[in-house]
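Asks: Sequence first, predicted model second:
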Amino acid sequence: WRRLGAQVNTFPSNDIRNAQEGEVVENTPSFDNTTGLVSYFGRLNYNFDDRYLLTATIRRDGSSLFREDLRWGNFPSFAAGWNISNEQFMSSVSWIDGLKLRASYGEMGSNNAPPYVGDAEINVNSTYPLDATQGQTRIPGYSITKAVNENLKWETTKITDIGVEFGLFNADLLITMDYFIKESQDVIAPYTPPPWQGRSGTADYNMASVENKGFEFTADYQKSFGELNLGANLNFTILDNKVTDVGFSGPIIGGGFTSNGRAASLTQTGLPIAAFWGLKVEGIYQSEQEAIDDGRYILSDPDDPGSEKIATAGGGDLNFEDLDGIPGLSDDDMQYLGSPIPDFEYGLNLTGDYKGFDFTMFFNGVSGNKIVNGNTFRAWFENDNNVYASMVDAWTPDRPSTTMPRYTVQDLGQNGTRMSDFLLECGSYF
């Protein structure tokens, strides 16, 4: 798509709408985002006696977003099916219908990138001091300032699936089960090059690899009783999401949830995408001495191990798990706290109709995921906000608590300086 425009001011009259009558041309916002995609597709189907089924497909895609030698991608797929119910040995089995075993493997490509991602943009208004002996005179010239990646190529997703389907009770009940593995490789994602390259902004790179594997189950029941028709559909999915490679960018910190951009998540190899990362709460200190005994202190004389220990946390402060064994809190004490991605999703649909009347009910839910509650942070650790009514029961010396920390303006115990599971809640619902 294309755009040609002009921003002009200082017209002789407000009634004039012709751009060429303006005296001052401020800007000419124009661009041409032209892209092209060409695809070739071929398929072979084979059916032997309606018992053995085979499908082979090849797809070849070419995208103008990639340079010429990386422009084309080949994406094959294969599928095989066995109609077991059509075998002779199943002729005497009447309690099961349409028993079919199937397996498939396929690849898909993605060119999810902006136009001209590999083409440099030239700034024609650049200047540079070329000769210091002339008083730092800046000489006009051209420069390439936008980050580019001319090596970008197709992102590839590989899917393997093994499934079985069959019917029961004269096919009134149909059941489908699938085990799948989905691997996304060379995932296209934005990356900010280091500043020493002399170019600003981000460019898309093939960086990460992600794996999703799981199990899907669907049961569909349809039954008629005269003019009354009833139906029910139950489905659920078990999912395991994992980053298998974050690429050259290294771990990705994200999930800002505070006014100062404090991060809640970390994407790194071996963890789910945007996994919650922070300190794990083990309880609440009831005294300064308890905090000192737990390693939450500094020495009055750092060069003298025998000098007085000064508590850095006190009664009512959160007790965080110490992973590195070094007194005090550090990034080395942070750990995996949970995933925002549910590992179990389910749904139930109920339908019915009778003599022109019908009803529908549907339910769905998820479990196994966590949600960060930014309101909890604002209530406890940003003192210019409203607070929860339940905070009247916060820890005090006269009213100790093992579930709610103390409410303090200074936060000397560093309860809110880092992400922790104090801010996480169960994301399950039905």
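Replies: Arrived safely, thanks for sending.

Asks: And the longest helix along the chain, how far out from the chain middle?
Replies: Using DSSP state H to define each element, the chain has its longest helix at helix 374-381. In this view, helix 374-381 has its centroid 24 Å away from the chain centroid, taken as CA atoms, centre = their mean, to the nearest Å.

Asks: After that helix, which helix or strand is next?
Replies: Scanning forward in sequence from helix 374-381 by DSSP states H and E, the next helix or strand is strand 424-426.

Asks: which other residues reach that following strand?
Replies: With CB atoms under 8 Å, 6 or more residues apart in numbering as the test, strand 424-426 has contacts from 276, 337-338, 370-373. Placement of C-beta: from N, CA and C, glycine included.

Asks: So which bits of it are buried?
Replies: Using 16 or more other CB atoms under 10 Å as the test for burial, strand 424-426 gives Leu424.

Asks: Could you pull out the buried residues of the top strand by length along the chain?
Replies: Determined from DSSP state E, the single longest strand within the chain is strand 203-225. Residues 203-212, 214, 216, 218-221 are the ones in strand 203-225 that count as buried (16+ other CB under 10 Å).

Asks: ok, the very next helix or strand once past it: who's next to it in the sheet?
Replies: Proceeding N to C from strand 203-225, the next assigned helix or strand is strand 228-245, under DSSP H and E. In the sheet, strand 228-245 lines up against strand 203-225 (antiparallel), strand 344-354 (antiparallel) (DSSP bridges).

Asks: Packing partners of the helix or strand that strand 228-245 is followed by?
Replies: Counting by DSSP H and E, the next helix or strand C-terminal to strand 228-245 is strand 252-254. Packing contacts for strand 252-254, counted by 3 or more CB pairs under 8 Å, 6 or more residues apart in numbering; DSSP states H and E, involve strand 265-267.

Asks: Can you list the neighbours in contact with the strand it packs on?
Replies: Residues from elsewhere that reach strand 265-267, judged by CB under 8 Å, 6+ apart: 208, 243, 246, 251-255, 273-277, 340.

Asks: for stretch 66-81, same thing?
Replies: 52-64, 100-109, 111, 118, 150-154, 156.

Asks: just the buried members of those?
Replies: Buried by 16+ other CB under 10 Å: 53, 57, 59, 61-63, 100, 102, 104, 106-109, 111, 118, 152-154, 156, out of these.

Asks: Give me the subset of the residues you listed lying in strands.
Replies: 53, 57, 59, 61-63, 100, 102, 104, 106-109, 156.

Asks: Make a markdown table from those and add pLDDT to it.
Replies: Formatted as a markdown table, these follow (pLDDT from 0 to 100):
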| residue | pLDDT |
| --- | --- |
| Leu53 | 97 |
| Thr57 | 97 |
| Arg59 | 96 |
| Asp61 | 96 |
| Gly62 | 96 |
| Ser63 | 94 |
| Lys100 | 97 |
| Arg102 | 97 |
| Ser104 | 98 |
| Gly106 | 97 |
| Glu107 | 97 |
| Met108 | 96 |
| Gly109 | 95 |
| Thr156 | 97 |
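
Asks: Closest one of these to Gly352?
Replies: Nearest to Gly352 among these: Lys100, at 28.7 Å, using CB to CB.

Asks: Verify the contact between that closest one and Asn86 for me.
Replies: No - taking contacts as CB atoms under 8 Å, Lys100 lies outside contact range of Asn86: 9.1 Å.

Asks: where do the contact lists of those two overlap?
Replies: With contacts defined as CB under 8 Å, 6+ apart, no residue is adjacent to both Lys100 and Asn86.

Asks: Tell me the one of the contacts of strand 424-426 nearest Gly22?
Replies: Val372 (50.9 Å).

Asks: neighbours of the nearest residue to that closest one once chain neighbours are set aside, just the number please.
Replies: Leaving aside its chain neighbours, Val372 sits nearest to Ala264 (4.7 Å; criterion: CB to CB, 6 or more residues apart in numbering). Using other CB atoms under 10 Å, Ala264 has 25 neighbouring residues.

Asks: Could you do Glu227 as well?
Replies: With other CB under 10 Å as criterion, Glu227 counts 9.

Asks: quick one on the thing from earlier: out of the ones in strands among the buried ones among the contacts of stretch 66-81, which is nearest to Asp353?
Replies: Lys100 (29.6 Å).

Asks: Distance across stretch 19-38, terminal residue to terminal residue?
Replies: End-to-end span of stretch 19-38 (CA to CA, to the nearest Å): 39 Å.

Asks: Just the buried residues of it, please?
Replies: By neighbour count on 16+ other CB under 10 Å, the buried set for stretch 19-38 is Gly22.

Asks: now stretch 333-346
Replies: Neighbour counts using 16+ other CB under 10 Å place 333-334, 337-343, 345-346 of stretch 333-346 among the buried residues.

Asks: likewise stretch 257-264?
Replies: 257-258, 262-264.

Asks: pLDDT check: weakest of these?
Replies: Checking pLDDT across those, the minimum falls on Thr258 at 81.

Asks: list the contacts for it?
Replies: Thr258 sits next to 374, 377-378, 382 when contact means CB under 8 Å, 6+ apart.

Asks: OK, contacts around Asn386?
Replies: Neighbouring residues of Asn386 by CB under 8 Å, 6+ apart: Ala379.

Asks: Actually, Thr408.
Replies: Gly316.

Asks: Apply 10 Å and report the result again.
Replies: By CB atoms under 10 Å, 6 or more residues apart in numbering, the residues touching Thr408 are 314, 316-317, 380-381, 383, 394-395, 415-416.

Asks: Also Phe363?
Replies: Taking CB under 10 Å, 6+ apart as the criterion, Phe363 is in contact with 234, 346-350, 430.

Asks: Mind listing the residues bridging to it?
Replies: Leu348.

Asks: Can you list the buried residues in stretch 72-88?
Replies: For stretch 72-88, using 16+ other CB under 10 Å, the buried residues are 72-73, 75, 77, 79, 81-85.

Asks: could the residues you listed be laid out in TSV, adding secondary structure?
Replies: What follows is these, written out as TSV (DSSP: H, G, I helix; E, B strand; the rest coil):
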residue	secondary structure
Trp72	strand
Gly73	strand
Phe75	strand
Ser77	strand
Ala79	strand
Gly81	strand
Trp82	strand
Asn83	strand
Ile84	helix
Ser85	helix
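
Asks: Tell me the one of the residues you listed nearest Pro195?
Replies: Using CB to CB, Gly73 is the member of the buried residues of stretch 72-88 that sits closest to Pro195, with 32.8 Å.

Asks: Pairing-wise in the sheet, spell out the partners of that closest one.
Replies: Beta-bridge partners, per DSSP bridges, of Gly73: Asp61.

Asks: By neighbour count, which bits of stretch 391-406 are buried? Give me those.
Replies: In terms of neighbour count (16+ other CB under 10 Å), stretch 391-406 has its buried residues at 394-395, 404-406.
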